[in-house]
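Participant: output the structure for:
(one chain, ligands or ions: 1)
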Amino acid sequence: MAKRPYIVGNWKMHGTRAMLAEARAIDRAAERLPKADVALAPPHTLIHATRLEASLIGVGAQDCHPADGGAHTGDVSAAMLKDAGADFVIVGHSERRADHGESDALIKAKAEAAIAVGLGVIVCVGETEAQRDAGEAEAVVAAQLAGSLPQAEGAADKVTVAYEPVWAIGTGRTPTIADVTAMHRSIRARLEAIYGAGADAVRILYGGSVKPDNAAELLAADEVDGALVGGASLTAESFLGIIVAAAEPRRRFAAPQPLLRMSGKDPSSAHPEEGLSLSKAHLEGLRVPRACRARRARLNATPEPL
Ligand code: 13P
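Facilitator: As a prediction, the model looks like this:
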């Protein structure tokens, strides 16, 4: 993991305002772990509130429409997401490819629309189990990259790729480290073919059943620059276990011990020996830097015109 690690939580269709406490705890803990970039992608309904609660971490959306605006009932444009406080948008997640029949061309159009308004994009790719069993995994992913990566001027600076094998999502199964490494090297080669020298700026995340107890091993694999995390990003406790694995790889994660007690019953350090000394009281008391307070104040004020 030569690049600065990037750990992104994809909350999918989970979360009401009650979950903002998790975002706040993640934001405050991320300040103590400056060696990793951390972001959350809550549902659209929580983007603005998450931005207000969490001023240090990135906040993103899980999808956007490729058009600037118009008669598209129920859809949300990239400009709207930016206005709500998003920094980036995830496009081409396999759940959208499957549930909504999204094509590579549509995903590319969404990515280009997002970049046009200044958002970053996380472009998701990944093979099904049948495709892997047929020995087609790398070819499938290469075709998805060729069809769905944005090509606009300077796009490489805005793009992150997430490799998420469909069969590993939400199943508790992960590929072997050798398979993850081979796929990420293959993606790196495709990125170099598409973006040339610009490919160096692109981080490649692994996603699919990343948990606190397997994160360190996955994140140590060659060309794995971070993780896109679903289920384990829904609580600060488990998400922070993954962030620690990225930011402090030599600090062993003590799996069964709670990293944080969100109930607040035991505010003592959850990792007496090797873990974080992040108690609830500690997290609540963290000072928010002046630049972030200013950003928060701006976000609370009248929205700036786009
Ligand atoms: P899980 O971490 O729940 O397997 O989900 C992965 C994913 O789809 C993230 O986008």
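Participant: only C-alpha atoms from now on, for both contacts and neighbour counts.
Facilitator: Noted.
Participant: near the ligand, which residues of this structure?
Facilitator: Residues of the chain lying close to the ligand by CA under 6 Å from any ligand atom are N10, I169, G170, G207, G208, S209, V210, L228, V229, G230, G231, A232.
Participant: now with 5 Å?
Facilitator: Within the chain, the residues that sit near the ligand (CA under 5 Å from any ligand atom) are I169, G170, G208, S209, L228, V229, G230, G231.
Participant: could these go into JSON lines alongside distance to G120 and pLDDT?
Facilitator: Output for the residues of the chain next to the ligand, formatted as JSON lines (distance: CA to CA, whole Å; pLDDT from 0 to 100):
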{"residue": "I169", "distance to G120": "23", "pLDDT": "98"}
{"residue": "G170", "distance to G120": "25", "pLDDT": "98"}
{"residue": "G208", "distance to G120": "21", "pLDDT": "98"}
{"residue": "S209", "distance to G120": "24", "pLDDT": "98"}
{"residue": "L228", "distance to G120": "15", "pLDDT": "98"}
{"residue": "V229", "distance to G120": "18", "pLDDT": "98"}
{"residue": "G230", "distance to G120": "19", "pLDDT": "98"}
{"residue": "G231", "distance to G120": "23", "pLDDT": "98"}
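Participant: now the two most distant members of the residues you listed.
Facilitator: Between any two of these, the greatest separation by CA to CA is 12.1 Å, found for G170 and L228.
Participant: now the helices: where do they sit in the stretch 151-300 of the chain?
Facilitator: Ranges of helices in the stretch 151-300 of the chain, per DSSP state H, counting those that start in this stretch, are 177-195, 212-219, 236-247, 280-285, 290-300.
Participant: low pLDDT regions in the stretch 1-150 of the chain?
Facilitator: 1-2 (pLDDT under 70).
Participant: which single residue in it comes nearest to the ligand?
Facilitator: N10 (5.2 Å; CA to the nearest ligand atom).
Participant: so that residue makes contact with A227?
Facilitator: No: assessed by CA atoms under 8 Å, N10 is found out of contact with A227, at 10.2 Å.
Participant: okay, these two: which has more neighbours?
Facilitator: Taking other CA atoms under 10 Å, N10 and A227 do not tie; A227 has more neighbours (29 against 24).
Participant: I figured that one hits A220, correct?
Facilitator: No: the pair A227 / A220 is not scored as a contact, 11.1 Å apart, by CA under 8 Å.
Participant: show me where the stretch 201-306 of the chain dips below the pLDDT cut-off.
Facilitator: Under the criterion pLDDT under 70, the flagged ranges of the stretch 201-306 of the chain are 251-306.
Participant: show me the contacts for L149.
Facilitator: Neighbour list for L149: I107, K108, A111, V123 [criterion: CA atoms under 8 Å, 6 or more residues apart in numbering].
Participant: quick revisit: quick check: bridge partners of the residue of the stretch 1-150 of the chain closest to the ligand?
Facilitator: Beta bridges link N10 to A41 when assigned by DSSP bridges.
Participant: excluding chain neighbours, what is closest to Q151?
Facilitator: Spatial nearest neighbour of Q151, chain neighbours left out: E112 (7.6 Å); criterion: CA to CA, 6 or more residues apart in numbering.
Participant: can you list the buried residues in whatever helix or strand the one you found lives in?
Facilitator: If you go by DSSP states H and E, E112 is part of helix 104-116. Across helix 104-116, burial judged by 16 or more other CA atoms under 10 Å covers D104, L106, I107, K108, A109, K110, A111, E112, A113, A114, I115, A116.
Participant: would you mind measuring from the third one to T160?
Facilitator: As for I107, its distance to T160 is 14 Å (criterion: CA to CA, to the nearest Å).
Participant: same deal with the second one?
Facilitator: As judged by CA to CA, L106 and T160 stand 17 Å apart.
Participant: again with the fifth one
Facilitator: Computed with CA to CA, the distance linking A109 and T160 is 16 Å.
Participant: repeat that for the first one.
Facilitator: In this structure, D104 and T160 are 16 Å apart, going by CA to CA.
Participant: contacting residues around S209?
Facilitator: A168, I169, G170, T171, G172, R173, T174, V229, G230, G231, A232.
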